[in-house]
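*Asks:* No sequence on hand, only this structure:
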């Protein structure tokens, strides 16, 4: 009787706040991740995404400016550099310039590609974390429903035990009166 009351009192006194990290189930505590931790992680990922997005935007501005300049100047190829050079010094200078521009363009495209991949990874991580949060909230709701169900079962058991106790006391009193 006392054990049932103690268990029942523990269940009855539990707080069902959704930010609560512990629920009393099966004579022990079940830990659920605190929602504020999830929110903090999402904020951190959002800030990281904003930084990467800003870098991507800046690189895209450079790329567009370079593409515009390249279009306006026309595409000078290695062949044009070789054919229009008047002497060996000018040829080497033009080839070096064309090579430097090609390397810059290649680096710019690689940077854009890497930043786009980083953005996608961060978006995926944020989406996964949001899904995880939703899953944890659903688990928390299930745990709460289970706890309420157990509380109801305990209440029923307690009511039955109290009725049985009253019946036993009545029988005991009847036996006592009969013997007297």
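*Replies:* Noted; the coordinates are in hand. Every value quoted in this text rests on a predicted model; they were computed, and no experiment measured them.

*Asks:* what's the helix or strand for the residue nearest the centre of the chain?
*Replies:* For the chain, the residue nearest the mean C-alpha position is residue 129 (1.7 Å; CA atoms, centre = their mean). Secondary-structure assignment from DSSP states H and E places residue 129 in helix 88-179.

*Asks:* tell me what that helix is packed against?
*Replies:* If contacts are counted by 3 or more CB pairs under 8 Å, 6 or more residues apart in numbering; DSSP states H and E, helix 88-179 sits against helix 2-12, strand 22-25, helix 35-73, helix 78-84. Backbone N, C-alpha and C define where each C-beta goes, glycine included.

*Asks:* hmm, 6 Å instead?
*Replies:* The helices and strands touching helix 88-179, judged by 3 or more CB pairs under 6 Å, 6 or more residues apart in numbering; DSSP states H and E, are helix 2-12, helix 35-73, helix 78-84.

*Asks:* relative orientation of that helix and helix 35-73 in degrees?
*Replies:* Following axes from the mean of the first three to the mean of the last three CA atoms, to 10 degrees, one obtains 160 degrees for the angle between helix 88-179 and helix 35-73.

*Asks:* how distant is helix 88-179 from the center of its chain?
*Replies:* Offset of helix 88-179 from its chain centre (CA atoms, centre = their mean, to the nearest Å): 7 Å.

*Asks:* any weak-confidence spans in this structure?
*Replies:* Within the chain, the stretches with pLDDT under 70 are 1-35, 75-78, 180.

*Asks:* can you do 80?
*Replies:* 1-38, 70-82, 180 (pLDDT under 80).

*Asks:* follow-up on the earlier one: adding mean neighbour count, write the helices and strands packed on helix 88-179 out as JSON lines.
*Replies:* As requested, the helices and strands packed on helix 88-179 are exported to JSON lines (neighbours: other CB atoms under 10 Å):
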{"stretch": "helix 2-12", "mean neighbour count": "12"}
{"stretch": "helix 35-73", "mean neighbour count": "13"}
{"stretch": "helix 78-84", "mean neighbour count": "12"}
